[in-house]
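> just need the structure, nothing else, for what follows:
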Amino acid sequence: MNQNSSINHFCPIRRVGNGALHHFFGYYNKNVWDSSGRFFLSNRVPMMTANLTGKEVAEVGFFDLENNDKYHAIGQTTTWNWQMGCQLQWLESEQAVQVIYNTRWPGTKRADAVYPDFCSTIYNVDTGEERTLPLPIYLVAPNGRFAMCVDYSRFQVTHRTIGYAASDSEPELANAPANDGIHYMDIASGDTKLVLSLRDLREFQPLESMDKAIHWVTHMEVNPCSSRILFIHRWTERVEDEFCFLHRLFTMNPDGNDLRLLECTDHPIPQLMEDFDPDVLGTFDYEKSEHQISHPMWMDNDRVIVWSPRSNSIHYHLYDDRTGIVEVIGEHCLAENGHMTYSPSGKWLLSDTYPDDLTNERLLLLYDTENNRRFDIGSFYTDPNLGKENRCDLHPRWSPDGRQVCIDSVHERARQRYIIDVGGLVSSV
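Next up, the predicted model:
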């Protein structure tokens, strides 16, 4: 961590574990700590970076933060990527403490499965028992009763950074099929249902730019009371260039009903011209695009925060799912796209930035929503040679008590996990 001139509030930081191997988690929107705050989920691998082929094994487990960060391995998986990991998350209830993560069907592909390569595994922390569910998860609802699922093979084509490689050959993909899209999966029974197809999405208030494009769904989130789902619908004619991606932000019920369109960024795309050279663009230029819809999260049961364009400017916006009212958040001090989440109290917004073009430093920040104040609490170097698919975003996450945050980082020339104590700051403001 660098204490450069941009840091205006110091918060203590420590690395989790001894760093003998490389550790990472993935996305910013999962419950890393268990409800007690003692156990801390993590994947473990022997290498800092690799171009993934679907054969690389990641160890799955958790650190015991009250026992010298002892690591407890619970399984292995080959269905993972550097950005999302294996969608590892706690699945806690009054009956059991469990962990769920994505895995690959053992042996040969399951011809009768929705996705013949991929499934998910539930591990019971108390008994060590395992149970297989028939679909890979994207997220699990806070009530623990259901998961929402999508096709990770489609990501291999549309957004390789978050895809899983096939065991042998990648499947043929239609642009907007009627038999694929968003699936609902019951956690107890394993029953699944396609609740919204990609064809449904293409035919909902269709646009001319959708006609020749491939379509997919990403960034799904469930609200705290598990009654509404948000997601981004994306489509493009040029998958290799993210500047050609178009976006719509939706919400719906878990069964696919009451679909609501909150935002759309259909716009002319110069990059689709045959003579355009995508190599002139930097690795993170798209994340700073004025047409991006990115990283939506529920603030509460009815409001969604997202980096999005509106009224010819791009900001963090807060959308009311019931009324359609939209407001700007941190208009003058939150000027960059990041991975944002609200603290348990709702007062603080935690986020990060993408690497600076000159310094390759990424900022970690807290925003006081009540007083409209920003605190930069860390600056972390990233090696620009990691590229897009092997990069390590900070992906900050809150602890259950709202007094700590954690990140993934490579600033010590290794891929590791870090916990930052923000208790002093959030208590004093």
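> which parts of the stretch 1-150 of the chain are strands?
13-15, 22-24, 39-45, 58-64, 70-77, 89-92, 97-104, 118-124, 130-133, 139-140, 146-149 (DSSP state E, counting those that start in this stretch).
> who does the fifth one pair up with?
When you say that, I think you mean strand 70-77. Counting by DSSP bridges, the strands paired with strand 70-77 are strand 58-64 (antiparallel).
> go on, the last one?
In the sheet containing strand 146-149, the strands it pairs with under DSSP bridges are strand 139-140 (antiparallel), strand 181-186 (antiparallel).
> okay if I get these as a markdown table plus distance to Ile13 and mean neighbour count?
In this view, the C-beta of every residue, glycine as well, is placed from N, C-alpha and C. Output for the strands paired with strand 146-149, formatted as a markdown table (distance: least, CB to CB, whole Å; neighbours: other CB atoms under 10 Å):
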| stretch | distance to Ile13 | mean neighbour count |
| --- | --- | --- |
| strand 139-140 | 28 | 22 |
| strand 181-186 | 37 | 22 |
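> tabulate those strands (a markdown table), appending distance to Met210 and mean pLDDT.
A markdown table is the format used below for those (distance: least, CB to CB, whole Å; pLDDT from 0 to 100):
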| stretch | distance to Met210 | mean pLDDT |
| --- | --- | --- |
| strand 139-140 | 25 | 95 |
| strand 181-186 | 14 | 98 |
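> could you give the number of residues near Ser345?
Residues lying near Ser345 (other CB atoms under 10 Å) number 11.
> with distance to Phe10 as extra columns, can I get the strands paired with strand 146-149 in JSON lines?
Formatted as JSON lines, the strands paired with strand 146-149 follow (distance: least, CB to CB, whole Å):
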{"stretch": "strand 139-140", "distance to Phe10": "34"}
{"stretch": "strand 181-186", "distance to Phe10": "43"}
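> please identify the buried residues of stretch 201-215?
Leu201, Arg202, Ser209, Met210, Ala213, Ile214, His215 (16 or more other CB atoms under 10 Å).
> got a list of what the second one touches?
Shown here is Arg202, whose contacts under the criterion CB atoms under 8 Å, 6 or more residues apart in numbering are Ala176, Met210, His215, Trp235.
> let's go with 7 Å and repeat that
Arg202 makes contact with Ala176, Met210, His215, according to CB atoms under 7 Å, 6 or more residues apart in numbering.
> look up how far Asp320 lies from the closest residue to Leu363 other than its chain neighbours.
For Leu363, ignoring the flanking residues on the chain, the nearest one in space by CB to CB, 6 or more residues apart in numbering is Thr353 at 4.6 Å. Applying CB to CB, to the nearest Å, the value for Thr353 to Asp320 is 27 Å.
> more neighbours, those two?
It is Thr353, of Thr353 and Asp320, that has more neighbours when counted by other CB under 10 Å, with 23 against 14.
> that one and Asp408, how far apart?
For Thr353 relative to Asp408 (CB to CB), the value is 15 Å.
> hey, where'd the helices end up in the stretch 151-300 of the chain?
Secondary structure of the stretch 151-300 of the chain (DSSP state H, counting those that start in this stretch): helices at 152-158, 198-203.
> in a markdown table: the ones you listed, plus distance to Ile325.
Shown next, in a markdown table, are the helices of the stretch 151-300 of the chain (distance: least, CB to CB, whole Å):
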| stretch | distance to Ile325 |
| --- | --- |
| helix 152-158 | 32 |
| helix 198-203 | 24 |
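> dump these into a markdown table; add distance to Asp117 and mean pLDDT as well.
Shown next, in a markdown table, are the helices of the stretch 151-300 of the chain (distance: least, CB to CB, whole Å; pLDDT from 0 to 100):
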| stretch | distance to Asp117 | mean pLDDT |
| --- | --- | --- |
| helix 152-158 | 7 | 96 |
| helix 198-203 | 19 | 98 |
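> which of those sits closest to Asn29?
Evaluated over the helices of the stretch 151-300 of the chain, closeness to Asn29 peaks at helix 152-158, with 16.3 Å, by CB to CB.
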